[in-house]
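Peer 1: dropping the sequence and predicted coords here.
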Amino acid sequence: MAKAKAPTSSGGGKAAKKKKWSKGKVKDKAQHAITLDKALFDRIIKEVPTFKFISQSILIERLKINGSLARIAIRHLEKDGQIKRIVHHSAQLVYSRTTAGTD
């Protein structure tokens with residue numbers, strides 16, 4: 001009686017050496033502030049009007065606040081006349097600091 005051989009995986013075919021795709025870099029979830037306290041409010045009032053380019057995403061990145069706080073801060077600064085609107089788009093509002101020569 002002949003002995004049956006078990007199939008081995010050392011057979012050098014394409015199926016034996018499958019490409020292993022990298023999982024990609026995983027960015028850590030940012031822990032941004034979700035409440036506006038006095039220290040953060042003072043920092044926004046002091047620093048943001050000195051930025052050349054002001055948008056919601058810039059405030060989120062630099063001040064580590066969430067999007068709703070960034071929108072509120074921008075609205076407050078615009079109402080006070082500390083920043084001026086450059087571009088009004090449905091998805092992104094772009095602002096700049098007010099200069100002394102402008103009204």
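Peer 2: Structure received.

Peer 1: C-alpha from now on. contacts and neighbour counts both.
Peer 2: OK.

Peer 1: and the longest helix seen in the chain, what's buried?
Peer 2: For the chain, the longest helix by residue count, based on DSSP state H, is helix 67-80. Of the residues in helix 67-80, those buried under the neighbour-count criterion (16 or more other Cα atoms under 10 Å) are 67, 69-71, 73-74, 77-78.

Peer 1: now the angle from whatever helix or strand comes next after it to helix 67-80?
Peer 2: Read in the C-terminal direction, the helix or strand following helix 67-80 is strand 83-88, with elements assigned using DSSP states H and E. For the pair strand 83-88 and helix 67-80, the angle between their directions (axes from the mean of the first three to the mean of the last three Cα atoms, to 10 degrees) equals 120 degrees.

Peer 1: sheet-wise, list the partners of the very next helix or strand once past strand 83-88 with their directions.
Peer 2: Next in sequence after strand 83-88, counting helices and strands by DSSP H and E, comes strand 93-97. Sheet pairing for strand 93-97, assigned by DSSP bridges, gives strand 54-55 (antiparallel), strand 83-88 (antiparallel).
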